[in-house]
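K.L.:
Got a predicted structure plus its sequence, pasted below:
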Amino acid sequence: MKRNTIITAALLGLIAPATILIAHQDDPKINDRQPAVKAKPYRADSKRGQERSLGFESENVQLKSWLPLGSLDGADSGNDCWGYVSPSGREYALMGTSSGTVIVEVTNPGNAQVVASLSGNNSLWRDIKTYGTYMYCVSEGGGGIQVFNLADIDNGNVQSQGSAGSGSTHNVVIDTESGFLYRTGGVADGMYIYSLANPASPVQVGSWTDRYIHDAQVVTYTDGPFSGRQIAFCCAGFSGGWSDTGLTIVDVTNKSNPFVVSQTYYSNAAYSHQGWLSEDRKYFYLNDELDEQNYGGTTTTRIINVENIENPSFVGTFTSGSTSIDHNLYTHNGYIFEANYRSGLRVFDATNPTNPTQYGFFDTYPSNDNASFNGLWNVYPYFPSGTVIGSDLESGLFVWELGILDPCSLPVASCSTDVDGNGYVGVSDILAVIDNWGVCGDGTFRPDGDVDGSCCVDVSDLLSIVAVWGSECVVTGSCCLSDFSCSELSENACAEMGGDYVGDETSCANTTCPGAGDEFATAMTAQTGANAYETNSATPSSPEPDDSMCSGTYMNWNNSADIWFAWTADFSGNAHFTTCDSSSFDTSMALYVGSEDNQVTCNGDDNGENGCQSYYSAFDYSVQEGSTYYIRIGGWEGETGSGTLTIE
């Protein structure tokens, strides 16, 4: 599949300078900006048998592919996503970034591949929808509606149709039943209505500007008491949505004369942001974007009964139990899919529509679930295959499947022919296979005695054992030794050396031994991303860091207990090191290259990041892929505690 970068003449005049344009300066997302996560792309199909979580906590959600922003178009941040299915049935993720829109084929979710990168006005906010073979993109950077034809996307070709309208837009909404497009949000109040009778050239046919509309869902009723009416469910308010915020239901059947059908409010309202109808259109699930910040408590989604659109009623709330902000949600196949910023993807079983319960999750921001504007922006669950995608502000595109991982999809363990685990292949292994004869896995387990990986215990497993009859088989794993080092040994060999055995087939690369990191020589291995540590049990190293390299930042090491990390750069360029962690202590930090004698920078107190403890440390350094860097963390005036080192 070839990858195309498309910048047509019609679009060149719309491309803004490199700085991100901001349509509403008071939006809190601006204050929480963090650098893009730097990591290599992950595709499950090329990593069979390897760790699939990559440090992301999850339940009933499988990671199939992850493409960080650097693997998309190198943008500073991500935003919206939507999906498209070509006439041939191939599936594509449409990923918005601050630079434009990136099209990624996800027909095989375990091998996501970028197909095209489409430039647009630079903006933190972008939104995407489709109608037929056409894609419509808007942003708060201005430029109206970008129109693209995806009819030949299977061959890597995207045809630009230019643009329609002008100015900035926060969201684009399409009623696919009636064929009308609605621009909402940005700097203007209301909605601007376009006919898609000619989908290549949208034409404005009406507007409604009584309130600011941040986002909406517009549907055409085809049966029941409202049959034939086109109804907009608007998350709206006055003064940019900040006051009198709630659910405004507008009849847009007559594009020349839209009118308000009803207005619904709820308690602890802060900013009515986005919502979606239940599949039977009896309920509207609404996300308030600022209630968690303003009032505290857990992530709260409102439920409004809209069976009678002329008299809606608030009926309750539900929560994941997290404390993050709920952002965008959609309903599909009996589930509610929510993109909830720092707590990532949350999936709810809506069998009881007024009391949804959490079915699964995938946390794209592992550090914490604070009520801050970082992490997962949007989710799209409507691919016929069941593939689900999510777009993340700092981490790019995620591709998932629901359900638990079938153990039989993983390779069999080493020494599988030693069924009973005694170290030798013999009669007892034959007997173990016979005891489980005919048993097959059901997707939740691999049966004991499945030697050949077929997921069933049968004659081929007996033949595999006979083929290596009498051989010795030793399983190894990580062994933490008394000097805090780690060696990969058998459980018996580890015990003979007085070590602590971590587990079969564990590796030292993924093991932190107790006491590790207390000295340069026993530095813990750090990874790109979040790395937990504690200094309560550590001792001071010498000599102390040279705080003249960061004078004025309040290093004040004062013989502090400290720990060391060793990080081998997996990319070249600027790396950001930070101890920002809301539950941590007053840290001081230094960076060394190559040896403990080559300090290159340090920091006591930094500022500008959000969700941090009162005094945290951070610095940037230009790194070279393959080189090793040592990070030393202590505390101001000898303070100790636990925290998180994040490298990005």
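P.N.:
Yes, it's here.

K.L.:
Report the next helix or strand after the helix or strand bottoming out on mean pLDDT in the chain in sequence order.
P.N.:
The helix or strand of the chain with the poorest confidence is helix 9-12; it has a mean of 29 (mean pLDDT, DSSP states H and E). Following helix 9-12 in sequence order, the next helix or strand is strand 42-43 (DSSP states H and E).

K.L.:
So which elements touch the next helix or strand after that next one?
P.N.:
Sequence-wise, the next helix or strand downstream of strand 42-43 (DSSP H and E) is strand 58-59. When contacts are defined as 3 or more C-beta pairs under 8 Å, 6 or more residues apart in numbering; DSSP states H and E, strand 58-59 packs onto strand 357-362. Quick note: C-beta positions are derived from backbone N, CA and C, even for glycine.

K.L.:
so what strands line up beside the strand it packs on?
P.N.:
When pairing is defined by DSSP bridges, strand 357-362 lines up against strand 58-59 (antiparallel), strand 345-349 (antiparallel).

K.L.:
contacts for the last one?
P.N.:
Think strand 345-349. For strand 345-349, the surrounding residues in contact (C-beta atoms under 8 Å, 6 or more residues apart in numbering) are 60-61, 299, 318, 320, 322, 334-340, 356-364, 376, 379, 388, 390, 398, 400, 402.

K.L.:
repeat that with 7 Å
P.N.:
With contact meaning C-beta atoms under 7 Å, 6 or more residues apart in numbering, strand 345-349 is reached by 61, 318, 320, 334-340, 356-362, 376, 379, 390, 402.

K.L.:
List buried residues within the residues you listed.
P.N.:
Taking 16 or more other C-beta atoms under 10 Å as the criterion, what is buried in the contacts of strand 345-349 is 61, 318, 320, 335-340, 356, 358-362, 376, 379, 390, 402.

K.L.:
how about low-confidence regions in this protein?
P.N.:
With pLDDT under 70 as the threshold, the chain has low-confidence stretches at 1-28, 47-53, 509-512, 514-515, 583.

K.L.:
just the helices in it please.
P.N.:
Secondary structure of the chain by DSSP state H: the helices cover 9-12, 69-72, 291-295, 427-435, 459-467, 491-496.

K.L.:
of all the ones you listed, which gets the most neighbours per residue?
P.N.:
The densest packing among these, expressed as mean neighbour count by mean count of other C-beta atoms under 10 Å, is seen in helix 69-72 with a mean of 22.

K.L.:
Which elements pack onto it?
P.N.:
Where contact means 3 or more C-beta pairs under 7 Å, 6 or more residues apart in numbering; DSSP states H and E, helix 69-72 is packed against strand 91-97, strand 396-402.

K.L.:
repeat that for 10 Å
P.N.:
The criterion is 3 or more C-beta pairs under 10 Å, 6 or more residues apart in numbering; DSSP states H and E, and the helices and strands that helix 69-72 contacts are strand 91-97, strand 100-105, strand 113-119, strand 396-402.

K.L.:
Determine how far that helix lies from the middle of the whole chain.
P.N.:
When distances are taken as C-alpha atoms, centre = their mean, to the nearest Å, helix 69-72 is centred 14 Å away from the chain's centroid.
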